[in-house]
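[1] Build me a structure from this.
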Amino acid sequence: MSEATKTLQKAFQLLEILRQNPAGCSAPQLMRQLQMPRSSFFSLLNLLKEEEYIEQTQPRGNYLVGRRLLAWMGMPLPHWREWIEAFEQEGITHPMDESLALALPHPQGAQLLAVLPARRRLQPYFQVGEVLLSHESAAPRLFVPWLDGKIRQQGYALYEGRELIELALPVCRDGTNPAAALLLSAPSSRLNRGTLLSYLPAMREMAMRLSYRFGAAFYSPYQAPMMPALAEESPLSRQDIDQFLQVPLVARLACLNREGRPHVVPVWQMWDGKAFYVAAWEGSQWADYLQENPSVSLTIDEPWTPLRRVVARGEAVQLQEADYPGGTQALVARLRQRYLGESLSKRVKGRAWQAFRIHPTTLRGWRGLPLGS
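    Residues are numbered from 1 along each chain as shown. Coordinates of the predicted model:
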């Protein structure tokens, strides 16, 4: 067998390894599995990287399947980078006291794609790329074909070990079948089953939002597909409004242009319980319009059941640097993290031109639809 044929075989083997490991593999891991000389291995690695069959998102990070290989594979969206960005965004917007992880199905159980360690712990319990087995974690139990009736009925899995206690909920792109697992892990010395289950409502909301983000029209894990029930229209309480506005939904800002005609634009928004904060990128016309007529209306709604929406009216006041801790660029950084997640937000280069605070004079919300008799 010629050297060229051997190299080609190793290249196919390397690509197959990465295809089976969505979280990627480190260079030492790949070199051990391929059993190649160091110089030949890195020459092959660099060639595949240059040709975009593999990629490395950060220096010394894991190697992942690249753009051109994805095209050959016909890889359906979302790609795992999108899973990571969505997960990080949720973790920043809705932080937990304990460690959070996101895992994808793996032939041996579940493979960790991203980890957000507990705020009180410097090191995570898990490492990205680690494969979890069903007898040592809750996450893989969501994917096993012999899924027990209790998990199917409850829509979540538990694990209680000597050192760790865990809660896992499925993320379902079609609303029914698990495509990923959202995992909360804590030391057994700190939580018991009762205190762990106190996280269940927040974890279910997070798994639901991730499912909606990736295409689900409803969230009903392991149940037969069905159309979600519509509720009769009812007002949201102030507490309901505050909770709803923590979800990173794009708002529609309505104002008047110089001709007195309605001007509506999508904007990122952040609510602190008293006022909305929005930012205009350089060149945005609506920022000029607010200088001349500060009266605005904001609408924030969700396109899935329970069809909550909030409408606010008020006047926009331009923020000066001293009006927000860290200045307007700190506000923009928070908005980027809120809507893009940690990793993707760093790649956005645009700067805010102006930022505004909107104190609502009216703030109302509803859920459901007027169904009639």
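[2] what's the distance between the residue nearest in space to the middle of the chain and Gly368?
    What sits nearest the mean C-alpha location of the chain, by Cα atoms, centre = their mean, is Ala86, with 1.6 Å. Distance from Ala86 to Gly368, counting by Cβ to Cβ, to the nearest Å: 27 Å. C-beta here means a position set from N, CA and C on the backbone, and glycine is covered the same way.
[3] and if you look at Ala4?
    Distance of Ala4 to Gly368, given as Cβ to Cβ: 66 Å.
[4] Could you do Ser185 as well?
    36 Å.
[5] do Ser211 as well
    To Gly368, Ser211 is 20 Å away according to Cβ to Cβ.
[6] what about these two, which has more around it?
    Ser211 (28 against 16; other Cβ atoms under 10 Å).
[7] In terms of helices and strands, where is the residue nearest to the centre of the chain?
    Using DSSP states H and E, the element containing Ala86 is helix 80-93.
[8] That helix - contacts with which helices or strands?
    Helices and strands touching helix 80-93, by 3 or more Cβ pairs under 8 Å, 6 or more residues apart in numbering; DSSP states H and E, are strand 99-106, strand 109-116, helix 200-213, helix 328-340, helix 342-345.
[9] what comes up buried for the third one?
    Read that as helix 200-213. Neighbour counts over helix 200-213 (16 or more other Cβ atoms under 10 Å) mark Leu200, Met203, Arg204, Glu205, Met206, Ala207, Met208, Arg209, Leu210, Ser211, Tyr212, Arg213 as buried.
[10] who's in contact with the first one?
    Under the criterion of Cβ atoms under 8 Å, 6 or more residues apart in numbering, the contact partners of Leu200 comprise Tyr156, Leu167.
[11] And for the fifth one?
    Contacts here follow Cβ under 8 Å, 6+ apart; on that basis Met206 touches Glu90, His94, Leu169, Leu182.
[12] And it, how far from Ile92?
    Distance, Met206 to Ile92, using Cβ to Cβ: 12 Å.
[13] Buried residues, stretch 53-67. List them.
    Using 16+ other Cβ under 10 Å as the test for burial, stretch 53-67 gives Tyr53, Ile54, Glu55, Gln56, Asn62, Tyr63, Leu64, Val65, Gly66.
[14] taking those one by one, which sit in strands?
    Within the buried residues of stretch 53-67, residues falling in strands by DSSP state E are Ile54, Glu55, Gln56, Tyr63, Leu64, Val65.
[15] I'd like those as TSV, with distance to Pro235 and pLDDT appended.
    Shown next, in TSV, are these (distance: Cβ to Cβ, whole Å; pLDDT from 0 to 100):
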residue	distance to Pro235	pLDDT
Ile54	53	86
Glu55	49	82
Gln56	51	78
Tyr63	53	85
Leu64	47	81
Val65	48	79
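[16] Farthest pair within these?
    Largest separation among those by Cβ to Cβ: Gln56 and Val65, giving 11.3 Å.
[17] where does the stretch 201-350 of the chain dip in pLDDT?
    224-230, 341-350 (pLDDT under 70).
[18] show me the contacts for Pro170.
    By Cβ under 8 Å, 6+ apart, the contact list for Pro170 reads Leu142, Gly155, Tyr156, Pro178, Ala179, Ala180, Ala181, Leu182, Ala207, Pro221, Tyr222.
[19] Can you give me the domain boundaries for the chain?
    Structurally, the chain divides into domains by automatic domain parsing as follows: 3-73, 80-213, 234-367.
[20] right, so those: which one is the most enclosed?
    Mean neighbour count (mean count of other Cβ atoms under 10 Å) peaks for domain 80-213 among those, with a mean of 19.
[21] one step back: give me the lowest-pLDDT entry from the contacts of Pro170.
    Scanning the contacts of Pro170 for pLDDT, the smallest score is found at Tyr222, 84.
[22] Now it: which helix or strand?
    Taking DSSP H and E as the definition, one finds Tyr222 inside no helix or strand.
[23] Quick check: closest non-adjacent residue to it.
    Arg152 (4.4 Å; Cβ to Cβ, 6 or more residues apart in numbering).
[24] Just the element for the one you found, please.
    Per DSSP H and E, Arg152 falls inside helix 149-154.
[25] now the helices for this protein?
    In the chain, the helices defined using DSSP state H lie at 3-20, 27-34, 38-50, 67-73, 80-93, 149-154, 193-197, 200-213, 238-244, 285-292, 328-340, 342-345.
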